[in-house]
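turn this into a model:
(2 chains)
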Amino acid sequence: EADIYQTPRYLVIGTGKKITLECSQTMGHDKMYWYQQDPGMELHLIHYSYGVNSTEKGDLSSESTVSRIRTEHFPLTLESARPSHTSQYLCASRQGAEAFFGQGTRLTVV
Amino acid sequence: RKEVEQDPGPFNVPEGATVAFNCTYSNSASQSFFWYRQDCRKEPKLLMSVYSSGNEDGRFTAQLNRASQYISLLIRDSKLSDSATYLCVVNPSNTGKLIFGQGTTLQVKP
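Below is the predicted model of the structure:
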């Protein structure tokens, strides 16, 4: 069983609010990722990190930001939520071949 | 052009059938390839890595054709429990990124 956790699992929030989605892993993995996935659609890479103090933007333009101050923690922040941010956000970590995913945060912005 | 392309399906097959999925990738320098499985409303999980010489894991066989830049997954003797979306995943050269295809949906019928 993978030791990677996302909180909250579900979030409904009003437009304009600032939110932070949490992701933590206890496996000591260097590489971590954030993906966005709409129902029935593909995963889009929005941010990734090679290790502490290393973050890169992914292929999907995103208004979110990330930080990697500690190996185990990779939070994603939306400064001002909009309805277009409604989606599922999946965090993953990897060391070697296999990536392990958290259970996701389903975000709804109203 | 997408970096990783798959036929979304759905593929509807009877139990016991053999089914094959293909995936093409655009970056000829890509180094690592994987098949992930995603069940409805669940996170993706690694099914198998894909090696240059081809590899088999029980009823599943993965092949890589670097010259044509495609990867395949063959499932023999399909089970009802094989019903899921199969995601082709590529690690582009010199990056830590994992790029996902949109997935191919398989429905195995009794």
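
what strands line up against the helix or strand bottoming out on mean pLDDT in chain B, and which way round?
Using mean pLDDT, DSSP states H and E, strand B:99-100 stands out as the lowest-scoring helix or strand of chain B, at a mean of 92. Strand pairing for strand B:99-100, using DSSP bridges, gives strand B:84-91 (antiparallel).

can you pull the contacts of B:Cys88?
The contact partners of B:Cys88, by C-beta atoms under 8 Å, 6 or more residues apart in numbering or on different chains, come to B:4, B:6, B:21, B:23, B:25, B:33-35, B:71, B:73, B:100-101, B:103-104. Heads up, the C-betas are built off the backbone N, CA and C, glycines and all.

mind redoing it with 7 Å?
B:Val4, B:Gln6, B:Cys23, B:Trp35, B:Ile71, B:Gly101 (C-beta atoms under 7 Å, 6 or more residues apart in numbering or on different chains).

sheet partners, orientation included, of the helix or strand A:Phe100 falls within?
A:Phe100 belongs to strand A:99-101 when assigned by DSSP states H and E. Strand pairing for strand A:99-101, using DSSP bridges, gives strand A:87-94 (antiparallel).

show me what counts as buried in the strand it pairs with.
Along strand A:87-94, these residues count as buried under the neighbour rule (16 or more other C-beta atoms under 10 Å in any protein chain shown): A:Ser87, A:Gln88, A:Tyr89, A:Leu90, A:Cys91, A:Ala92, A:Ser93, A:Arg94.

wait, the second one sits on A:Gln103?
Going back to what we said before, that points to A:Gln88. No. Using C-beta atoms under 7 Å, A:Gln88 makes no contact with A:Gln103, being 9.9 Å away.

walk me through which strands the helix or strand containing B:Tyr36 pairs with, and which way each runs.
Element membership of B:Tyr36, judged by DSSP H and E, is strand B:32-38. Sheet pairing for strand B:32-38, assigned by DSSP bridges, gives strand B:45-50 (antiparallel), strand B:84-91 (antiparallel).

tabulate the ones you listed in CSV, adding columns for distance to B:Phe60.
Converted to CSV, the strands paired with strand B:32-38 look like this (distance: least, C-beta to C-beta, whole Å):
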stretch, distance to B:Phe60
strand B:45-50, 6
strand B:84-91, 10
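
now, of these, which is deepest in the fold?
Stretch with highest mean neighbour count among these: strand B:84-91 (a mean of 24; mean count of other C-beta atoms under 10 Å in any protein chain shown).

centre of the chain to it, how far?
5 Å (C-alpha atoms, centre = their mean, to the nearest Å).

what's the burial count for A:Ile13?
16 (other C-beta atoms under 10 Å in any protein chain shown).

next one: the one 3 residues further on
By the other C-beta under 10 Å criterion, the neighbourhood of A:Gly16 contains 10 residues.

alongside chain A, which residues does chain B contribute?
B:32, B:34, B:43-44, B:46, B:49, B:96-103 (C-beta under 7 Å from any C-beta of the partner chain).

before we move on, back to that, just give me the least confident of the buried residues of strand A:87-94.
The lowest pLDDT within these belongs to A:Arg94, with 93.
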